[in-house]
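Colleague: quick one: sequence plus predicted model below, questions after.
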Amino acid sequence: MTTGHLPTSRMISPRMTNGGIVLACLGLMMAALFLQEVDGLHPCPLCISQRICVIAVGVLALLAFIQNPARTGLRIYASLQGLAALMGAGVAARHLWIQSLPAEQVPACGPGLQYMFANFPFLEALNLLLAGDGSCAEVELFLGLPIPAWVLIACLCLLAVNIWQICRR
């Protein structure tokens, strides 16, 4: 017999929550790969950075799902996932900012990812990757919003779920 109420946090276990996060991250990566392989939208450096953050959240959630830690472990996993989601949101916000710039203020296109990591020290290559370039300024819409806006929304939702995981009793 159902009461018509939403499930409480006691009914939604941390393991179920982490499983849901894994599925959400898988869905986001499948959407990104669909847009890349089927629609032909090639990812820019900031898109790759956002993907890395979403993958990090998913991997951490998968580890938490498998391990099913006690309260302290759950909070550590949720904190790390929240940090990765926050980083993804930050990169997505920067991406949106670059897309909002007038054409004359858009950064010049930089070298490719393989070239950067093959020819620059790691930290310098990472800095170039996160800086974005001219290809990051191209606006592609999905359901009326730029794709980085969807990533920002998704990362903020992942962050909110992980904050809830940290605060739950």
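Modeller: Okay, I see it.

Colleague: average pLDDT for the helix or strand harbouring residue 150?
Modeller: In this structure, residue 150 is located in helix 147-167 according to DSSP states H and E. Summarised as a single mean, pLDDT over helix 147-167 is 95.

Colleague: residue 52: neighbour count?
Modeller: When neighbours are counted by other C-beta atoms under 10 Å, residue 52 registers 14. C-beta coordinates here come from the backbone N, C-alpha and C atoms, glycine included.

Colleague: what strand or helix carries it?
Modeller: Assigned by DSSP H and E, residue 52 belongs to helix 45-67.

Colleague: report the angle between the helix or strand following that helix and helix 45-67.
Modeller: Per DSSP H and E, the first helix or strand lying C-terminal to helix 45-67 is helix 71-100. Interaxial angle, helix 71-100 versus helix 45-67 (axes from the mean of the first three to the mean of the last three C-alpha atoms, to 10 degrees): 170 degrees.

Colleague: between helix 147-167 and helix 71-100, find me the angle.
Modeller: Angle, helix 71-100 to helix 147-167, by the same axes, to 10 degrees: 160 degrees.

Colleague: show me what helix 71-100 is packed against.
Modeller: Under the contact definition 3 or more C-beta pairs under 8 Å, 6 or more residues apart in numbering; DSSP states H and E, helix 71-100 sits against helix 14-37, helix 45-67, helix 147-167.

Colleague: counting contacts, what elements does the last one pack onto?
Modeller: Using 3+ C-beta pairs under 8 Å, 6+ apart as the contact criterion, the neighbours of helix 147-167 among helices and strands are helix 14-37, helix 45-67, helix 71-100.

Colleague: how about a cut-off of 10 Å?
Modeller: Packing partners of helix 147-167 (3 or more C-beta pairs under 10 Å, 6 or more residues apart in numbering; DSSP states H and E): helix 14-37, helix 45-67, helix 71-100, strand 141-142, strand 145-146.

Colleague: for the ones you listed, which one sits closest to residue 126?
Modeller: Residue 126 lies closest to helix 45-67 among these, at 9.0 Å (C-beta to C-beta).

Colleague: now do the buried residues in the closest one.
Modeller: 45-47, 49-51, 53-58, 60-62, 64-65 (16 or more other C-beta atoms under 10 Å).

Colleague: and stretch 96-104, by the same measure?
Modeller: Using 16+ other C-beta under 10 Å as the test for burial, stretch 96-104 gives 96, 98, 99.

Colleague: which among these gets closest to residue 166?
Modeller: Among the buried residues of stretch 96-104, and counting by C-beta to C-beta, the member closest to residue 166 is residue 96, at 27.0 Å.
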